[in-house]
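Engineer: predicted model and sequence follow; I will ask about them next.
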Amino acid sequence: MIRFNQPFLFGPELEHVRHAIDEGRLSGNGEFSKRCHSFFQERYSFGKCLLTTSCTDALEMCAILADIQPGDEVIVPAYTFVSSANAFVLRGAKIVFADSHQYHPNIDETKLESLITDRTKAIVVVHYGGAACEMNSIMEIANRHGLLVVEDAAQAVDAFYHGHALGSIGHLAAFSFHETKNVVSGEGGMLVVNDDRFKKRAEIIWEKGTNRTAFFRGEVDKYGWVDVGSSFLPSDLIAAYLYGQLQHLEEITARRVAIWNRYHASFEALEERGRVKRPMLPSYATNNGHVYYLECKNLEERSELISFLKEQGIGAVFHYLSLEDSPYFKEKHDGRPLSNAHRFSDTLVRMPLHLHLTDADIDFVSRMVYEFYSG
């Protein structure tokens, strides 16, 4: 079986976990948490970094920091994972879904202005597959209307927009280190705070609404409950595993991009025949090799392709279902057609992509896709 995803272990991960255990420091914000924070801040010029137990937690912290109140509106792409919207729904927000581009699953920035009202508080952008949204336009619109921009960079580690690291551009950003991502810790995430207004409060929310972190730095003589918050910080065991992965980040990105490129070259002829569409990478975006997908003609063809590949021992999968049509939100949507998000929901299929894949595996997957279409 060629699995769709399979986490890769380099070795330092277990050494670091053992070190944390031997030192007897297993709770959050320990040695390895601090190492990870420093790694991201120094490598990518991020603002304040705080590891979280998931990207979902990081997004929920964003919603608290944005001071979302019942009735506030938040613009979110329809083609995304539920956490991108649910984090703000939990604070009482009204979600206004935006459509994807015709040529890429990312949010269509040219349609944002028409969605903004006097109740709009924030815009959430999702860098699908690690490919950047058009951030200059989005930030200009947000700044002109006094809105916050949250980058859902769950898939965007080591990806860039015009030379700027994704996660460093918006006011706030959230990353994922789930086992399906490029860099993993099993579960895990990270909040990035690029706006100085939120840095002090973020640390308090992260530590259950207390100023405990300031106390351990010697800035206050005791700590107590000073704000809302929750236990968002992960165990240092998770951070230790993650740090071992970060030490191999360049190797991870290079191999994933090589796999992506091999798929892309192999499917060129199939696209030229009009059978599928290959992914289009925007000119302003780099490729971190997070996901390789094809667009089929319709839902029926996509389902048949996935079933055929499964019969050949290949784990290919679809991705998101457009959120405005979900059982939870269907009656809440304003009725606008989101045709591009729906098209990607029905037609996009993801190929296996992980570091256990050999070139022979990739070529076998490609041959089986060709065999399906030749039939």
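Structural biologist: That came through, no problem. Residues are numbered from 1 along each chain as shown.
Engineer: the residue nearest to H171 when sequence neighbours are not counted: neighbouring residues, count only.
Structural biologist: Nearest residue to H171, sequence neighbours excluded (Cβ to Cβ, 6 or more residues apart in numbering): D195, at 4.2 Å. For the C-beta atoms, the positions are set from N, CA and C on the backbone; glycine is no exception. When neighbours are counted by other Cβ atoms under 10 Å, D195 registers 15.
Engineer: next, D195: phi, psi?
Structural biologist: Main-chain torsions, D195, degrees, to the nearest 10: phi -100, psi 120.
Engineer: correct me if wrong: it contacts C62.
Structural biologist: No - taking Cβ atoms under 8 Å as the definition, D195 is not a contact partner of C62, at 10.9 Å.
Engineer: what about the spatially most central residue of the chain, distance to K181?
Structural biologist: For the chain, the residue nearest the mean C-alpha position is A154 (1.5 Å; Cα atoms, centre = their mean). Using Cβ to Cβ, to the nearest Å, A154 is found at 7 Å from K181.
Engineer: please enumerate the strands of the stretch 151-300 of the chain.
Structural biologist: Secondary structure of the stretch 151-300 of the chain (DSSP state E, counting those that start in this stretch): strands at 160-161, 164-165, 172-176, 189-193, 293-295.
Engineer: export the biggest helix by length in the chain to PDB, keeping only CA atoms.
Structural biologist: Secondary structure assigned by DSSP state H gives helix 249-266 as the longest helix of the chain. Listed next in PDB are the C-alpha coordinates belonging to helix 249-266 (Å, rounded to 0.1, in the frame of the first residue of the first chain):
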ATOM      1  CA  LEU A 249      13.600  21.400   7.700                       C
ATOM      2  CA  GLU A 250      15.700  22.200   4.600                       C
ATOM      3  CA  GLU A 251      16.000  18.400   3.700                       C
ATOM      4  CA  ILE A 252      12.200  18.000   4.200                       C
ATOM      5  CA  THR A 253      11.300  20.900   2.000                       C
ATOM      6  CA  ALA A 254      13.800  19.900  -0.700                       C
ATOM      7  CA  ARG A 255      12.500  16.300  -1.000                       C
ATOM      8  CA  ARG A 256       8.900  17.300  -0.900                       C
ATOM      9  CA  VAL A 257       9.400  19.800  -3.700                       C
ATOM     10  CA  ALA A 258      11.300  17.100  -5.700                       C
ATOM     11  CA  ILE A 259       8.300  14.800  -5.300                       C
ATOM     12  CA  TRP A 260       5.900  17.600  -6.300                       C
ATOM     13  CA  ASN A 261       8.000  18.400  -9.400                       C
ATOM     14  CA  ARG A 262       8.200  14.700 -10.400                       C
ATOM     15  CA  TYR A 263       4.400  14.400 -10.300                       C
ATOM     16  CA  HIS A 264       4.000  17.700 -12.100                       C
ATOM     17  CA  ALA A 265       6.300  16.700 -15.000                       C
ATOM     18  CA  SER A 266       4.700  13.200 -15.200                       C
END
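Engineer: average model confidence for it?
Structural biologist: Averaging pLDDT along helix 249-266 gives 98.
Engineer: can you list contacts of it?
Structural biologist: 8, 157-158, 182-183, 245, 278-279, 287-290, 292, 351, 353, 355, 357, 359, 362-363, 365-366 (Cβ atoms under 8 Å, 6 or more residues apart in numbering).
Engineer: still on that earlier bit, need the residues touching each of D195 and C62.
Structural biologist: Shared contacts of D195 and C62, defined by Cβ under 8 Å, 6+ apart, comprise L172.
Engineer: tell me how many other residues crowd S303.
Structural biologist: 14.
Engineer: what packs against the lowest-mean-pLDDT helix or strand in the chain?
Structural biologist: Counting by mean pLDDT, DSSP states H and E, the weakest-scoring helix or strand in the chain turns out to be helix 212-216, with a mean of 87. Judged by 3 or more Cβ pairs under 8 Å, 6 or more residues apart in numbering; DSSP states H and E, helix 212-216 is in contact with helix 199-206.
Engineer: list the buried residues in the helix it packs on.
Structural biologist: Neighbour counts using 16 or more other Cβ atoms under 10 Å place R201, A202, E203, I204, I205, W206 of helix 199-206 among the buried residues.
Engineer: again, but for stretch 33-45
Structural biologist: S33, R35, C36, H37, F39, F40, Y44.
Engineer: repeat that for stretch 319-334.
Structural biologist: Applying 16+ other Cβ under 10 Å to stretch 319-334 flags H319, Y320, L321, S322, L323, E324, F329, H333 as buried.
Engineer: from the residues you listed, which land in strands?
Structural biologist: Within the buried residues of stretch 319-334, no residue falls in strands by DSSP state E.
Engineer: got a list of what D346 touches?
Structural biologist: Contacts of D346 by Cβ under 8 Å, 6+ apart are N298, L299, R302.
Engineer: need those in CSV (columns: pLDDT).
Structural biologist: Putting these into CSV (pLDDT from 0 to 100) gives the following:
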residue, pLDDT
N298, 98
L299, 98
R302, 98
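Engineer: please check the residues you listed and keep the buried ones.
Structural biologist: In those, the ones that pass as buried (16+ other Cβ under 10 Å) are R302.
Engineer: looking at the contacts of D346, which is nearest S374?
Structural biologist: Minimum distance to S374 across those is 17.3 Å, recorded for R302 (Cβ to Cβ).
Engineer: and that closest one, that's in a strand?
Structural biologist: No - using DSSP: H, G, I helix; E, B strand; the rest coil, the secondary structure at R302 is helix, not a strand.
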